[in-house]
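# Just to be clear, the model below is a prediction. Sequence and coordinates:
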Amino acid sequence: MTQFLEVIFGGIAQAAAYSIIAVGLSLVYGTARTLNFAHGALYTTGAYISWILTVGYLGLPLWLAVLVLIPILFGIGVAIETLMLRPLRGGKNWRVTAMMVTLGLAFVLDNANLILFGAVAKPMPAFIEGTVSIFGVTVSAYRVAVLIIALIIVALLEVFLNRTRFGWAVRAVAQDIQGARQVGIDVNRIFAFTFGLSVVLTGMAGLLLSPIFLISPQGGWEPFLKAFVIVVLGGLGSTRGAIAAAFFLGMVEAMVVYQLGASWTMPVWLVTLLLVLMIRPQGLLGKGQSEAAG
Amino acid sequence: MLSVCDIDVFYDDLHILHGVSLEVGEGELVGVVGANGHGKSTLLKAVCGLVPVASGDILYAGESIRRRSVSELVERGLVYVAEDRRLFPDMTVRENLLLGAFLARGRGHEQTSLKRVFDLYPRLAERQEQLARTLSGGEAQMLALGRGLMSAPALLAIDEPSLGLAPKLVDTMLETIAELKNTGTTILLVEQSLGLIDGIVDRVYRLEEGIISGGAARAAMAMADHR
Amino acid sequence: MTQSDATMTAQAGGRRLLAGTSAPLYWAAVGVLALAGMLITDSYVQHVLILCFLWCMVAAAWDLTLGYAGIFNYAQIALFAAGAYATAMLTLKFGVPPVAAIIAATAITAVLGLAIALPCLRLQGEYVALFTFAIHLAMPPLIQLAKGLGTGGTMGLMGVPPIKFFGLTFGPLNKIGWYYLALTAAAISVYVIYYVVLRSRTGRAFVALRDSANFARSLGINEFKYKLLAFVLSALVTGFAGALYAHYTSVVTPKILGNEFILLAIVMLAIGGIGRFPGAVLGAFVVTILNELLRDAGTYRLLILGILVVLTLLLLPQGLASIWERVSRRKHKARTKLKE
């Protein structure tokens, strides 16, 4: 029983990190109507950058590494949106071309990481060692830290979206692009900002999860898919929904791994994706599509 | 205050507006009438910077605004109210209104504007905390107009406010628009039929298949209509 | 969008579709390639062209769903792999003769396409993209899990037997035989997709649906039926190409589902131009040859291909096909001027 509870708790901690990736994906998807296929590759890239900053080369302390990491990730996101996506928007077939560009970018990042860092996975030490005992269940202190940090990040995001003027503008763009333009919101700036923020979120998740999963060039695809399932299940643009969905799916994953073994992880997520999409086939984009066309 | 000079507007390969010109003087309420799909909305959107103008020019307060962004235009008091409302459905009535005052121009008058809107439409005051998606058609139109007012407009471009409203509501809506004019807001109003707005406009243009005509004072226009 | 807008775009789409290339010109090009086959003696050049022909089928089939029918289908390489695995498993595990195995593999892939399309077409836009790409990503672990069924696991399947018919054997060394076999298969597949299907009523329905779904619906075009048809036909051609590929290389491994193949297919469409015949087909030739030229670049090859995808989409958003169209439009203008 305790072993089972340990597995469940591990699942929850990972899921919390997944929910950060998911919220990032959903922000861009919700505002700019772009499905960013490079989101997973950016997760990996974030992990590699933090590896360089900490144990890899520079040996910075964690807090400093995070402070350096955030602006780098934000800049990468803004650059992708302004240089690669904005020129395509409004052109013929732009939804297909935008998806292809992000998919192309994903492969560029994957292969650049492969060339730069090699195929062998890079280990990352846990930033906190030891174990904690909660209600008689022993769990690693690092997983507890991941859970807490992830919850803090999501809470901050929630405050930003609901309490700040800029956050309101982000929500307005997500709900009606033309309406947002009408009140004078610079929509392109919001797109660039949300893309930057989304890369910060996924890169931070890369940092948080790397001690658990190691860092490998193609390691981003799995979190990307999981994040999407979370977004679909939790509801587009709903940070609280993402947390709830992530916890639920994290527990399901933990139980599957416990009962059937790790090789069943991806098939199970695929089936979950299928089921979720069958329950919500209209897609959360129903609204967004007419706007993109109009 | 606003001069549209010989503009052409395209939507993909479709030529929507053909050399359209019109004038709106300070404090005037000018109407544009025409059937659906003849380019009325496109005209208003072109004026407010929401669709690009291919040729010709638009002067606002004596200055060309053809290449200005929507944000700049809103900041200078040129505000568009859409026929399809374009509200933020998952935000409350109050949040929708406050977003109307997103830019510095509107924010400066946030509290007075809010009071003005609630005086004009007490229904909105009652429903402040309700989500916009739960509003009835009439209330949604009030909110759309109210959100426009929150931007502290100097010129309000209103696109078919009667769309989808019951006849009685249409009358109230048009009354409030006339009231806005009386408080000093310049208005460019688009409708399908002259009959609806005949009583409140100073001058009327007619837009047919992207070509504009008329623009005389409304009595003359009405006579031309009867002939 | 008003109805008149929709009619105009639908018509414009139709015109664009029909503009492309005339059928005699197409068969002339095929004829030139057939003649070239007699002149080329270098087996490496033959090999590269055989790959070009097989990739033409994959690119054209993908263009049918992604470019013309407007379905965000990213399971293309998964279907290619399905065709390859089906024929390899049938011949190696069940001893089915190669020709029968190829036919069966083609049919199996078509059925698989149907199975993917049925849930998929109830979804909207990006959800289709994600679902189909998830299938792509889930295939390698599934192949590993199904090792007991004879998939060969991570090692793959070796020694897929050569095709034999009319007393001819198409072994890996019979390059000239493969040249004509692949050319015939590609020529017919491409012809059927672009000249038969897309120029029929069905094809016009695809374009109308892609360009303005609402208007097409108002005309009573059954969106679901047509998209299903496009998807299944595309899967059929792709499965056929996959099966041929398996017999040509005699090896089938999960590597097919790695970065390289899907990246190649994306570059083909990006460089060629999506939904603009002969874009995808030209793209298949250009990219296959380019990929061979880049062999020496080693690990940098995939990076270069990825950069190429991004750059062509940004700098030449309509691909090579747009250059082609510009040329043919100029010719057309010149001709009409002459008539005047």
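Happy to help now that I have it. What you see is a predicted model, and the numbers here were worked out from it, not measured in a lab. Numbering: from 1, shown residues only, chains lettered A, B, ... in the order given.

# mind checking which helix or strand B:S213 is in?
B:S213 is part of strand B:211-217 when elements are defined by DSSP states H and E.

# residues touching C:P162, list them.
With contacts defined as CB atoms under 8 Å, 6 or more residues apart in numbering or on different chains, C:P162 is in contact with C:P98, C:T169, C:F170, C:G171, C:P172, C:N174, C:H247, C:S250. All C-beta spots, glycine's among them, are computed from the backbone N, C-alpha and C.

# Pull out the buried residues from these.
Among these, those classed as buried by 16 or more other CB atoms under 10 Å in any protein chain shown are C:P98, C:F170, C:G171, C:H247.

# Adding pLDDT, distance to C:Y26 and secondary structure, write those out as JSON lines.
As requested, the buried ones among the contacts of C:P162 are exported to JSON lines (pLDDT from 0 to 100; distance: CB to CB, whole Å; DSSP: H, G, I helix; E, B strand; the rest coil):
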{"residue": "C:P98", "pLDDT": "93", "distance to C:Y26": "29", "secondary structure": "helix"}
{"residue": "C:F170", "pLDDT": "88", "distance to C:Y26": "25", "secondary structure": "strand"}
{"residue": "C:G171", "pLDDT": "82", "distance to C:Y26": "30", "secondary structure": "coil"}
{"residue": "C:H247", "pLDDT": "95", "distance to C:Y26": "26", "secondary structure": "helix"}
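
# ok, now which ones touch A:L83?
Contacts of A:L83 by CB under 8 Å, 6+ apart are C:L314.

# Assign the spatially closest residue to B:S64 that is not a sequence neighbour to helix, strand or coil.
Nearest residue to B:S64, sequence neighbours excluded (CB to CB, 6 or more residues apart in numbering or on different chains): B:D57, at 5.4 Å. B:D57 falls in the strand class when you classify it by DSSP: H, G, I helix; E, B strand; the rest coil.

# B:D57 and chain A: what is the separation?
According to CB to the nearest CB, to the nearest Å, B:D57 and chain A sit 22 Å apart.

# Check C:V267 too.
8 Å.

# Would you tell me what helix or strand that residue is located in?
Element membership for C:V267, per DSSP H and E: helix C:259-272.

# picking up where we left off before, I'd like to know which of the buried ones among the contacts of C:P162 is nearest to A:E158.
C:H247 (56.9 Å; CB to CB).

# give the contact list for that closest one.
C:T87, C:P98, C:I102, C:V160, C:P161, C:P162, C:I163, C:F170 are the contacts of C:H247 under CB under 8 Å, 6+ apart.

# Surely the fourth one touches C:Y85?
So the one you mean is C:V160. No - between C:V160 and C:Y85 there is no contact under CB atoms under 8 Å: 10.1 Å.

# Between these two, which has more neighbouring residues?
Under the neighbour definition other CB atoms under 10 Å in any protein chain shown, C:V160 and C:Y85 were set side by side, and C:Y85 has more, 28 against 25.

# mind listing what the more buried one touches?
C:I143, C:T151, C:L157, C:G242, C:A246, C:V252.

# can you map out the strands along the chain?
Defaulting to chain A. Assigned by DSSP state E, chain A shows strands spanning A:131-134, A:137-140.

# hmm, I had chain C in mind actually
C:157-158, C:163-165, C:168-170, C:251-252.

# what does the stretch 51-200 of chain A put close to chain C?
The stretch 51-200 of chain A comes close to chain C at residues A:83-84, A:87-88, A:91-93, A:95-97, A:99-101, A:103-105, A:107-108, A:110-112, A:114-115, as judged by CB under 8 Å from any CB of the partner chain.

# Neighbour count says what about those? Which are buried?
For these, buried by 16+ other CB under 10 Å: A:84, A:87-88, A:93, A:95-97, A:99-101, A:103-105, A:107-108, A:110-112, A:114.

# List the buried residues for the longest helix along chain B?
Longest helix of chain B, by residue count under DSSP state H: helix B:167-182. Using 16+ other CB under 10 Å as the test for burial, helix B:167-182 gives B:L169, B:V170, B:M173, B:L174, B:T176, B:I177, B:L180, B:K181.

# Would you mind identifying the next helix or strand past it?
Going down the chain from helix B:167-182, the next helix or strand is strand B:186-191, by DSSP H and E.

# C-alpha coordinates for the next helix or strand after that following strand, CSV please?
Under the assignment DSSP H and E, the closest C-terminal helix or strand after strand B:186-191 is helix B:194-197. Taking C-alpha atoms only, helix B:194-197 is exported to CSV below (Å, rounded to 0.1, in the frame of the first residue of the first chain):
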residue,chain,number,x,y,z
LEU,B,194,-33.0,54.6,-44.3
GLY,B,195,-36.4,54.3,-42.5
LEU,B,196,-34.7,53.2,-39.3
ILE,B,197,-32.3,56.1,-38.9
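
# State the mean pLDDT of helix B:194-197.
Model confidence over helix B:194-197, given as mean pLDDT, is 88.

# from the middle of its chain, how far away would it be?
16 Å (CA atoms, centre = their mean, to the nearest Å).

# now swap in stretch B:13-33 and tell me
12 Å.

# ok, now stretch C:80-89?
Relative to its chain's centre, stretch C:80-89 lies at 16 Å (CA atoms, centre = their mean).

# for stretch B:51-63, same thing?
Computed by CA atoms, centre = their mean, the chain-centroid distance of stretch B:51-63 equals 17 Å.

# show me what contacts the spatially closest residue to B:P161 that is not a sequence neighbour?
Using CB to CB, 6+ apart and skipping residues adjacent in sequence, the residue nearest B:P161 is B:M173, 5.1 Å away. Counting by CB under 8 Å, 6+ apart, B:M173 makes contact with B:G138, B:Q141, B:M142, B:L145, B:P161, B:S162, B:L165.
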